[in-house]
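**Q** next input, structure requested:
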Amino acid sequence: MGVLPDRIWSDEEWERIQLGYRSRGMDEKWNVVVEGDVVFLHRSWTGFGVFEATFAPVEGGGRRIASAVVEAGRGGLHGNSTDHDRLMLELVLSAIVLGEPARELREKLVELARERSGNADVPAGVVQHSALGLRSGS
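**A** Below you'll find the model as predicted:
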């Protein structure tokens, strides 16, 4: 993967990420499994591996993504750009695994979908549900 997310996840967030995430219903789109420092993000319905991100400690605390691989087929995701890949990786970790609102990331996802489709009226909810799905309460 070309450009990686800039975010530094706190030690507490990393502990939560290490627990992974398992979809619990048909409207959830992601399963996340962690082995050591590597986080694997798979589409829940197909089991298709989309992202593999290796985290590394940051001086002063926290972790950041040191390297990442994205599957060329992207598991049926819509988008073939570095911006989209970087956004989706961070968005799944933030919104699905950590349960954050991630409003800015969600808005950027909708913006990219509208640019890609050439349709400024693509409903935000449709874009977000298609790519992210829902997150069950923990």
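
**Q** contacting residues around residue 109?
**A** Residue 109 makes contact with 87-88, 91, 127-128, 131-132 under the criterion Cβ atoms under 8 Å, 6 or more residues apart in numbering. For glycine as for every other residue, the C-beta is placed from the backbone atoms N, C-alpha and C.

**Q** which helix or strand contains residue 111?
**A** Assessed by DSSP states H and E, residue 111 sits inside helix 103-117.

**Q** that helix: which residues count as buried?
**A** Neighbour-count burial for helix 103-117, counted by 16 or more other Cβ atoms under 10 Å, picks out 105-106, 108-110, 112-114.

**Q** redo the residues you listed as TSV? Include pLDDT.
**A** Output for the buried residues of helix 103-117, formatted as TSV (pLDDT from 0 to 100):
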residue	pLDDT
105	95
106	94
108	94
109	94
110	93
112	91
113	90
114	93
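
**Q** residue ranges of the strands in the protein, please?
**A** For the chain, strands defined by DSSP state E occupy the ranges 30-35, 38-43, 49-57, 63-70.

**Q** out of these, which gets nearest to residue 4?
**A** strand 63-70 (4.8 Å; Cβ to Cβ).

**Q** what lies in contact with that closest one?
**A** 1, 4-9, 11, 14, 50-58, 85, 89.

**Q** filter those residues to the buried ones?
**A** Those of the contacts of strand 63-70 that meet the buried threshold are 1, 4-5, 9, 14, 50-53, 55, 85, 89, by 16+ other Cβ under 10 Å.

**Q** which residue is nearest the middle of this structure?
**A** The structure's the chain has its C-alpha centroid closest to residue 92; by Cα atoms, centre = their mean the separation is 2.5 Å.

**Q** I'd assumed residue 128 was in contact with it.
**A** No - Residue 92 lies out of contact with residue 128 (Cβ atoms under 8 Å); the separation is 11.8 Å.
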